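Chemist: Take a look and give me a structure for this.
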Amino acid sequence: MTADRKIHATRVHEADNVATAIADIVAGAPLFADGDLRSAVAAGRGHKIALAPIARGEAVIKYGFPIGIATADIAPGEHVHSHNLATALSGDGDYLYMPRAIEEMPDTNPARIFHGYARRDGRVGTRNEIWIIPTVGCVGNLAARVARIAGTRHAGSVDGVHAFKHPFGCSQLGDDLGHTRALLAALAQHPNAGGVLIVGLGCESNQLAALLDLIPVERRTHIRTLSAQTVADDEAACLELIGELVDGCAGAQRTNVPLSKLVLGVKCGGSDGLSGLTANPLVGRMADAVGAAGGKVVLTEIPEIFGAEQILMDRAVSRTVFDDTVALVRDFKEYFIRNGEPVSENPSPGNIAGGITTLEEKSLGAVQKGGKVPVVDVRRYGGEATLPGLTLLEAPGNDAVSSTALTAAGATIILFTTGRGTPLGFPAPTLKIASNSALAQRKAGWIDFDAGTVLDAGFDSAADALLDLIADTASGAVTCAEKNEERDIAIWKSGVTL
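Modeler: Here you go, the predicted model:
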């Protein structure tokens with residue numbers, strides 16, 4: 001290849017029969033692959049181009065794995081997308097227990113520290129905030145109003161006062177009520193909350209006493225509760241309790257702590273065809289750094305590992321963890337089927353516009369966020385990650401629901417990769433990582449880090465820079481979402497509303 005020729009697309013794995021466009025390709029533009037220059041049809045950045053003839057019915061390979069079946073004959077240089085590629089996923093499938101030697105993750109940052117808030121139980125927070133958690137939607141506006149007043153009143157004493165409104169907690173039955181209660185109880189125990197006020201109404205299904213029963217007694221010392229129906233001036237009563245909480249945690253100081261004290265939640269949303277080439281594998285390196293240091297990594301979005309689940313199962317540290325992973329995946333597939341939906345009802349319109357064609361392709365890109373970290377545990381919705389290594393967490397793919405679940409599981413930093421962009425933020429500091437530089441430049445107010453640089457500079461320099469940003473954020477540097485006051489929760493609803 002001559003020096004003046006530009007590479008328009010890249011192949012991820014040597015077994016792939018498609019390449020991914022890393023810049024918009026115009027009709028007839030040269031495509032470099034396998035040492036040859038070929039003419040490609042028009043395709044947008046993130047979209048796939050055939051590297052070899054692919055017959056109808058033949059598997060299309062990306063990341064070294066099938067991402068679906070060709071629905072028509074495809075010629076070299078041809079655009080490969082929804083017009084000639086379809087999913088091969090179904091609701092069934094057998095999984096094999098094939099434990100593999102865990103790849104070593106050398107701790108390349110043994111001296112890496114951040115400045116966090118050490119809590120009495122040994123956990124470390126990256127913020128020292130007051131959280132107001134309503135048990136029911138009826139007191140959500142009260143909680144928000146109190147947070148605004150208290151945030152001004154106690155500015156400088158704590159890192160912030162935040163209310164987390166939601167519409168649930170009443171007229172719920174069974175799993176829905178259980179999900180709401182478990183999620184809120186888990187949030188109330190988060191190490192980033194130096195003080196928590198749980199506000200109830202009084203007559204709701206999600207009763208305060210039942211919620212508190214889910215919180216160990218030793219973790220209630222920083223929690224206060226109020227039933228709004230029992231006091232004359234609910235706002236004044238809330239503010240008085242928040243004053244007590246601030247007095248109790250305002251003296252907390254950041255101290256030097258090792259990277260092993262970090263709990264990293266990993267998430268992708270609004271992905272494009274470059275997410276699996278840049279942002280997700282870069283986050284995988286962050287997962288490896290935290291895992292090698294002895295920290296915890298949490299991966300969720302279970303419907304978005306369909307088609308790539310065996311990769312994670314092969315990293316299970318025991319037969320029990322493997323069996324729990326299989327059960328988690330099968331339960332989620334049955335959830336889709338029970339509601340009359342195909343398990344492959346994904347990717348989203350934005351994903352498709354960005355070049356992702358099938359759920360297999362999306363999943364194979366998404367699981368890279370977990371790096372090479374051994375899978376040590378499986379937790380159901382509302383559960384907490386307690387073991388060093390990678391924990392798989394039950395939650396759907398929805399950005400707000402799954403990111404809230406990551407926070408509830410104890411994530412003290414969330415790495416959120418995106419190819420399309422989103423302003424959403426969550427209770428834990430959330431770093432938005434763009435898969436492409438165009439997004440990072442266009443939405444600088446949303447994006448914290450440009451992973452598109454790996455296409456030019458490689459992964460090493462980008463990984464060093466992102467790890468620095470993670471340590472800075474864990475030490476108090478604010479994210480774009482925090483600057484924009486994007487701090488919300490969403491709760492998984494799957495059943496009947498009374």
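
Chemist: Helices of this structure, start to end?
Modeler: Shown for the chain, the helices assigned by DSSP state H span residues 140-153, 174-188, 208-212, 234-249, 279-292, 309-313, 319-338, 349-353, 359-366, 399-408, 437-442, 454-457, 459-474, 480-483.

Chemist: what packs against the last one?
Modeler: Right, helix 480-483. Applying 3 or more C-beta pairs under 8 Å, 6 or more residues apart in numbering; DSSP states H and E, one finds that helix 480-483 contacts strand 430-434. Any C-beta I mention is one placed from the backbone N, CA and C, and that applies to glycine too.

Chemist: Give me the contact list for the strand it packs on.
Modeler: 279, 282-283, 403, 413-419, 421-422, 424, 440, 443, 446-452, 466, 469-470, 473, 479-481 (C-beta atoms under 8 Å, 6 or more residues apart in numbering).

Chemist: neighbours of the closest residue to G151 other than its chain neighbours, just the number please.
Modeler: The shortest distance from G151 to any non-neighbouring residue, by C-beta to C-beta, 6 or more residues apart in numbering, is to V161 (4.1 Å). By the criterion of other C-beta atoms under 10 Å, V161 has 25 neighbours.

Chemist: Need the helices of the chain in a markdown table (columns: distance to A21, mean neighbour count and mean pLDDT).
Modeler: Shown next, in a markdown table, are the helices of the chain (distance: least, C-beta to C-beta, whole Å; neighbours: other C-beta atoms under 10 Å; pLDDT from 0 to 100):
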| stretch | distance to A21 | mean neighbour count | mean pLDDT |
| --- | --- | --- | --- |
| helix 140-153 | 45 | 17 | 98 |
| helix 174-188 | 40 | 21 | 95 |
| helix 208-212 | 50 | 15 | 96 |
| helix 234-249 | 51 | 18 | 98 |
| helix 279-292 | 16 | 25 | 96 |
| helix 309-313 | 25 | 20 | 95 |
| helix 319-338 | 31 | 17 | 94 |
| helix 349-353 | 14 | 17 | 89 |
| helix 359-366 | 14 | 28 | 94 |
| helix 399-408 | 26 | 26 | 97 |
| helix 437-442 | 13 | 17 | 96 |
| helix 454-457 | 11 | 15 | 91 |
| helix 459-474 | 20 | 18 | 96 |
| helix 480-483 | 28 | 18 | 98 |
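
Chemist: Distance to V12 for those helices - can I get that in CSV?
Modeler: Compiled in CSV, the helices of the chain are given as follows (distance: least, C-beta to C-beta, whole Å):
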stretch, distance to V12
helix 140-153, 45
helix 174-188, 36
helix 208-212, 46
helix 234-249, 47
helix 279-292, 9
helix 309-313, 14
helix 319-338, 24
helix 349-353, 17
helix 359-366, 9
helix 399-408, 25
helix 437-442, 19
helix 454-457, 12
helix 459-474, 13
helix 480-483, 29
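
Chemist: Among those helices, which comes closest to T497?
Modeler: Among the helices of the chain, the nearest to T497 by C-beta to C-beta is helix 174-188 (7.6 Å).

Chemist: Using CSV, list the CA coordinates for the closest one.
Modeler: Provided in CSV are the C-alpha atoms of helix 174-188 (Å, rounded to 0.1, in the frame of the first residue of the first chain):
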residue,chain,number,x,y,z
GLY,A,174,-45.3,-9.1,43.6
ASP,A,175,-42.0,-8.7,41.8
ASP,A,176,-42.6,-5.0,41.0
LEU,A,177,-43.1,-4.1,44.6
GLY,A,178,-40.1,-6.3,45.5
HIS,A,179,-37.9,-4.6,42.9
THR,A,180,-38.8,-1.1,44.1
ARG,A,181,-38.2,-2.0,47.7
ALA,A,182,-34.9,-3.8,47.0
LEU,A,183,-33.6,-1.1,44.7
LEU,A,184,-34.4,1.8,47.2
ALA,A,185,-33.0,-0.2,50.2
ALA,A,186,-29.7,-0.8,48.2
LEU,A,187,-29.4,2.9,47.3
ALA,A,188,-29.8,3.9,50.9
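
Chemist: Specify the angle between it and helix 399-408 in degrees.
Modeler: If you take axes from the mean of the first three to the mean of the last three C-alpha atoms, to 10 degrees, helix 174-188 sits at 50 degrees to helix 399-408.

Chemist: From S82, how far off is P374?
Modeler: Using C-beta to C-beta, to the nearest Å, P374 is found at 36 Å from S82.

Chemist: Looking at those two, which is more packed in?
Modeler: Comparing P374 with S82 by neighbour count (other C-beta under 10 Å), the higher total belongs to P374, at 19 against 14.

Chemist: The nearest residue to Q441 once chain neighbours are set aside: what's it in contact with?
Modeler: Leaving aside its sequence neighbours, Q441 sits nearest to D450 (C-beta to C-beta, 6+ apart; 7.8 Å). Counting by C-beta under 8 Å, 6+ apart, D450 touches 433-434, 437, 440-441.

Chemist: hmm, try it at 7 Å
Modeler: By C-beta atoms under 7 Å, 6 or more residues apart in numbering, D450 lies in contact with 434, 437, 440.

Chemist: Same check on T473?
Modeler: Taking C-beta under 7 Å, 6+ apart, one finds 413, 429, 431, 479 in contact with T473.

Chemist: returning to what we had before: so the residue nearest to G151 is in contact with A147, correct?
Modeler: Yes: V161 lies in contact with A147 (C-beta atoms under 7 Å); the separation is 5.0 Å.

Chemist: Report the mean confidence score over stretch 116-131.
Modeler: In this model, stretch 116-131 has a mean pLDDT of 97.

Chemist: Please apply the same query to stretch 61-76.
Modeler: Here the average pLDDT along stretch 61-76 is 95.

Chemist: For that stretch, C-alpha coordinates in CSV please.
Modeler: Once non-C-alpha atoms are left out, stretch 61-76 reads as follows in CSV (Å, rounded to 0.1, in the frame of the first residue of the first chain):
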residue,chain,number,x,y,z
ILE,A,61,-18.1,-12.9,11.1
LYS,A,62,-17.0,-9.9,13.2
TYR,A,63,-15.0,-9.9,16.4
GLY,A,64,-14.1,-13.5,15.3
PHE,A,65,-17.7,-14.7,16.0
PRO,A,66,-20.9,-15.0,13.9
ILE,A,67,-23.0,-11.9,14.1
GLY,A,68,-25.8,-13.3,11.9
ILE,A,69,-26.6,-14.9,8.6
ALA,A,70,-26.4,-13.3,5.1
THR,A,71,-29.9,-13.1,3.6
ALA,A,72,-28.5,-12.5,0.1
ASP,A,73,-25.2,-13.0,-1.7
ILE,A,74,-22.7,-10.3,-0.8
ALA,A,75,-19.8,-9.2,-2.9
PRO,A,76,-16.5,-7.9,-1.7
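
Chemist: What are the buried residues along that stretch?
Modeler: Of all the residues in stretch 61-76, those buried under the rule 16 or more other C-beta atoms under 10 Å are 61-63, 65-70, 74, 76.

Chemist: Can you pick out the most distant pair from those?
Modeler: Applying C-beta to C-beta across the buried residues of stretch 61-76, the maximum distance is between F65 and P76, 20.7 Å.

Chemist: And K483, how far from L142?
Modeler: Distance of K483 to L142, given as C-beta to C-beta: 26 Å.
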